[in-house]
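Peer 1: I'll drop the sequence and a predicted model, then ask my questions.
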Amino acid sequence: MTIRRSAAALTAASAVFCGALAGAPAAIAAPSPAPAPVIPDGLYGTTDPTYDGVWRQSLAFLAQDVAKVVPSAKAVSWLAGQQCASGGFASFRADPAKPCDAKTMLDSNATSAALQALSALGGHKEQVAKGVDWLKSVQNADGGWGYNPGFPSDANSTGIVIGALAAADARPAAMKSAKGKSPYDALVSFAIPCTDKTGGGAFAYQPDKAGKLVANGDATAAAVLGGLGRGLVVSGPKPGGAPKCVSADPATPEQSARNGAAYLATALARTGHLDTAPMPGAADPAPQPDFGNTADAVVALSAAGHKDKAAASLTWLEKNSSAWAKAGGPAAYAQLILAANAYGADPRHFGSSDLVSLLSSTGPAPASTKAPAPAAEADEKEVVGGDNAGIWWIIGAGLAAGVGAGFLISGRRKNKQ
């Protein structure tokens with residue numbers, strides 16, 4: 001997830017750079033240092049929020065929610081204020097007081113993450129409903145969604161939208177396009193048949209230029225969650241047996257998701273982590289470990305009931321992700337927290353790190369923090385409510401009150417893993 005926003009930023013920067021070179025004189029002066037980004041009050045992180053502001057804020061809230069941390073009112077107000085009148089969210093709006101117009105680039109991924117966060121926080125039913133209506137209004141004919149309205153559907157965007165609809169109790173299977181296609185119809189169209197020798201069971205981001213489906217680890221992790229009707233938060237995984245790719249005709253969303261989990265289990269078994277694809281034109285084509293996608297794969301495997309197949313990867317993340325998370329900031333810390341939570345590990349004791357404290361330190365001081373119950377008391381104090389049990393339910397039960405409440409995010413725009 002974390003590379004997604006960086007890739008968007010890199011694409012924009014490359015376009016500007018290439019355009020400058022096209023009309024540049026023989027001697028090019030050294031560029032002036034870029035001005036420091038202006039970070040709005042209430043926003044998590046210190047890096048330029050242009051491409052990931054809403055995303056990283058939303059992931060931060062979801063991660064804090066599972067850790068029983070109540071974010072500050074101004075942090076929640078910032079996210080809520082990013083929503084356009086149509087119900088959609090852009091990646092970031094520097095001036096929320098300025099109405100959205102035709103030039104505002106709305107973002108299905110940011111919208112879906114924000115809706116999941118607002119659903120978890122509670123107290124935002126009208127905003128969530130408006131967001132669902134907007135997603136319906138930009139649904140593609142094949143039943144899926146692209147990164148931005150009008151873009152061709154892709155597995156990542158469709159998967160995360162399904163998660164948002166599920167979090168909002170909007171019944172994804174019932175949301176049909178003008179041609180009668182559901183989100184699941186689009187999702188299974190990206191599934192690679194088990195008979196494929198190189199990527200059987202995986203999902204492609206989109207068909208390539210030749211129409212071929214190429215295995216993509218990031219797309220597979222997102223599609224596994226979508227096919228199982230799960231959001232970004234997964235809690236309490238149940239055993240699901242040995243992962244296995246099973247051909248079915250017609251392919252069902254759940255079986256396609258389970259096939260995707262089998263692919264991830266095999267991919268992770270090699271080294272304990274997924275790898276990034278080399279950037280086009282890079283001098284060194286050697287793949288590098290992809291921390292964000294590995295964390296997402298842990299969540300996906302846990303959701304499919306294959307926690308045992310994610311154990312080595314979680315251990316690898318505990319040992320190796322510290323520098324990556326520090327550079328990535330709130331979205332990266334959130335991904336690790338969500339991975340630990342899905343697996344059943346304690347994010348406050350993640351290797352030598354307290355991920356919850358590290359995440360909270362990247363933004364406004366939380367309104368309150370609930371210390372985890374001692375192990376002997378955990379069963380008696382367990383909060384019931386599933387993946388999206390809102391922190392406001394906890395507040396209503398007597399916790400200190402607070403008002404309403406990024407891969408960097410992931411290769412959502414990568415076409416290859």
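Peer 2: Sure thing, it's come through.
Peer 1: what's the residue lying closest to F203 once chain neighbours are set aside sitting at in phi/psi?
Peer 2: Excluding the flanking residues, the one nearest F203 by CB to CB, 6 or more residues apart in numbering is A223, at 4.0 Å. Where you see a C-beta, it was placed from the backbone N, CA and C, and this is true even at glycine. As for A223, its main-chain torsions (degrees, to the nearest 10) stand at phi -70, psi -30.
Peer 1: for A223, which residues are in contact?
Peer 2: Residues in contact with A223 (CB atoms under 8 Å, 6 or more residues apart in numbering) are A155, N156, T158, G159, L187, F190, A191, F203, S256, A257, G260.
Peer 1: over to S157?
Peer 2: Counting by CB under 8 Å, 6+ apart, S157 has contacts S108, N109, S112, G144, W145, G146, Y147, F151, R412.
Peer 1: now the buried members of those residues.
Peer 2: With burial judged by 16 or more other CB atoms under 10 Å, the buried subset of those is S108, N109, S112, G144, W145, G146, Y147, R412.
Peer 1: out of these, which comes closest to A170?
Peer 2: Among the buried ones among the contacts of S157, S112 lies closest to A170 (CB to CB), at 11.3 Å.
Peer 1: contacts only, for that closest one.
Peer 2: Contact partners of S112, counting by CB under 8 Å, 6+ apart, are L135, S157, I160, V161, G163, A164.
Peer 1: which SS class is the second one?
Peer 2: I take that to be S157. helix (DSSP: H, G, I helix; E, B strand; the rest coil).
Peer 1: distance check, it against N148.
Peer 2: Applying CB to CB, to the nearest Å, the value for S157 to N148 is 9 Å.
Peer 1: what is in contact with the two at once?
Peer 2: Common neighbours of S157 and N148, using CB under 8 Å, 6+ apart, are S108.
Peer 1: so which of the contacts of S112 sit within helices?
Peer 2: Judged by DSSP state H, helices contain the following of the contacts of S112: L135, S157, I160, V161, G163, A164.
Peer 1: using CSV, please lay out those together with pLDDT.
Peer 2: Supplementary listing: the ones in helices among the contacts of S112 in CSV, determined by pLDDT from 0 to 100:
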residue, pLDDT
L135, 98
S157, 98
I160, 98
V161, 98
G163, 98
A164, 98
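Peer 1: out of those, which end up buried?
Peer 2: If we count by 16+ other CB under 10 Å, the ones in helices among the contacts of S112 have these buried: L135, S157, I160, V161, G163, A164.
Peer 1: confidence score at the residue lying closest to the second one once chain neighbours are set aside?
Peer 2: Same thing as S157. Spatial nearest neighbour of S157, excluding adjacent residues (CB to CB, 6+ apart): W145 at 4.5 Å. With respect to pLDDT, W145 scores 98.
Peer 1: can you tell me how far Y44 sits from S302?
Peer 2: Applying CB to CB, the value for Y44 to S302 is 25 Å.
Peer 1: my error: substitute K176 in the last question.
Peer 2: 30 Å.
Peer 1: so for these two, which residue has more residues nearby?
Peer 2: Between K176 and S302, counting by other CB atoms under 10 Å, S302 is the more crowded of the two (29 against 14).
Peer 1: what's downstream of the helix or strand hosting N259, the next helix or strand?
Peer 2: Secondary-structure assignment from DSSP states H and E places N259 in helix 253-271. Downstream of helix 253-271, the next assigned helix or strand under DSSP H and E is strand 274-275.
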